[in-house]
Structure formats: structure tokens, C-alpha cells
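**Student:** Generate coordinates for the sequence data below:
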Amino acid sequence: MHLLRRLPAVAALLALAAALAPSAHAAGQQPPAAATTIVIVRHAEKGDGGDPRDPSLSAAGQARAAALAAALDAAEVSAVYATQYKRTRETGEPLAKRFKVEVGVRPVTADNAAKYADQVVKEVLDKHAGKTVVVVGHSNTVLDFIEALGARPPAPLGENDYDRLFIVVRPASGPARLIQARYGAPDPR
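**Tutor:** Okay, the predicted model is just below:
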């Protein structure tokens, strides 16, 4: 699927996510709390040079990071979270720059790996309720975030899955909803 055909689809999915939020309140009732929308992506393609434990993005990865910012241009993102690794931070930076926010770095370590997604999700829901947040993770953390948000995770990500985008709509009450999309250049198969 060509990039230009993919961007409107992501915008349409974000509009759908907004539509899944609670509807307008009835006369005389308190308005319902707004749903929180969390967009979760794996970091973009990593490069071959530099520190093999902490590589920067490749040219394809930089293009994907720019595509993420373009895909979420109308999303009114209030925060971007990433791990301490260059590839996650660099994936979120164009989007953070677009919305004039800092990439919030939340280190994942051997000591907190088991509860990492739960900790970040708690912070996102506490600090950004009713807003749109982007979380950039790794192939082995993306599904943990989806599950921690209360949605049923899809099949695991493969080593070359970089174009997947997951939108979890978390209403103030009721079940979370997962919407899946793709963005940027198609993954090599």
C-alpha cells in the first residue's frame, strides 16, 4: 500500500477512535469523561552502524519516523513516551517536535522489565486522561502495553514488523478497544 493511501486511513482510524468515546451527555447529566487514546508503535528500522546495543535509526527508520508524525498530524498528541534507547527516542522525536512536547523517556531495565508496561500505562492514564498519547516501544513490549491497557493483544510482532500501528481507546468506563493500522512504507516480506 502506498504511503499516501495509508495516511488518510490512519486519520480515519483516529476519527473512529474519537467516535468510540462516550457520546454527548443527556440533558441534566454530567458529561461523561473523555476516552484516553493511546497510539502504540514499535520503534522504526534501526541502523547497522554505531553501538550495536543502542543503534540509531537507519535512513528507512528516519523516513518511518517522519511518516508517523505525518500520520498523526491531526491527532492532538499531548505526550510521547519512549525507552532510553536511541531507536525509540528517534522514532518519537519528529512527532514530539510537531506537537511541541518532549519525548518522555522511561527507562526499561532488567529490574523493571516485568512491570514496565504497567508502570508506563499507569502514568499515561494518570497524567493524560482524556487525551491522545503515543508510546514507542520494542517488538517485545508493544503487546504488553496493549494488554496493560485492557485490550486483547494481536499476534506477536515479527522481526521485520515496523509498519504496524495500534490505537487503544480507553474509555473512562467500559472495555478498551483496539484498532490496528499500518503506516509508512510497507515492511519488507
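**Student:** Okay, now the unreliable bits of this structure?
**Tutor:** 1-32, 189 (pLDDT under 70).
**Student:** Can you pull up the most central residue in it?
**Tutor:** By C-alpha atoms, centre = their mean, the chain has its centre lying nearest to residue 40, at 2.3 Å.
**Student:** Just list whatever residues bridge to the closest residue to that residue other than its chain neighbours.
**Tutor:** In space, and not counting its chain neighbours, residue 40 is closest to residue 166: 4.5 Å by C-beta to C-beta, 6 or more residues apart in numbering. C-beta coordinates here come from the backbone N, C-alpha and C atoms, glycine included. Beta-bridge pairing of residue 166 under DSSP bridges involves residue 40, residue 180.
**Student:** Now do the contacts for residue 166.
**Tutor:** 39-41, 142, 146, 154, 178-181 (C-beta atoms under 8 Å, 6 or more residues apart in numbering).
**Student:** what about it, distance to residue 149?
**Tutor:** 9 Å (C-beta to C-beta, to the nearest Å).
**Student:** got it, and residue 54?
**Tutor:** Applying C-beta to C-beta to residue 54 and residue 149 gives a distance of 27 Å.
**Student:** quick one: which of the two has more around it?
**Tutor:** residue 149 (24 against 11; other C-beta atoms under 10 Å).
**Student:** Surely the more buried one touches residue 35?
**Tutor:** No: using C-beta atoms under 8 Å, residue 149 makes no contact with residue 35, being 11.4 Å away.
**Student:** Quick check: neighbours shared by the two?
**Tutor:** residue 170.
**Student:** Return the closest of the contacts of residue 166 with respect to residue 109.
**Tutor:** Ranked by distance to residue 109 (C-beta to C-beta), the contacts of residue 166 are led by residue 142 at 18.0 Å.
**Student:** Count residues in the vicinity of the closest one, would you?
**Tutor:** Around residue 142 there are 24 residues (other C-beta under 10 Å).
**Student:** list the contacts for it?
**Tutor:** 40-42, 157, 164, 166.
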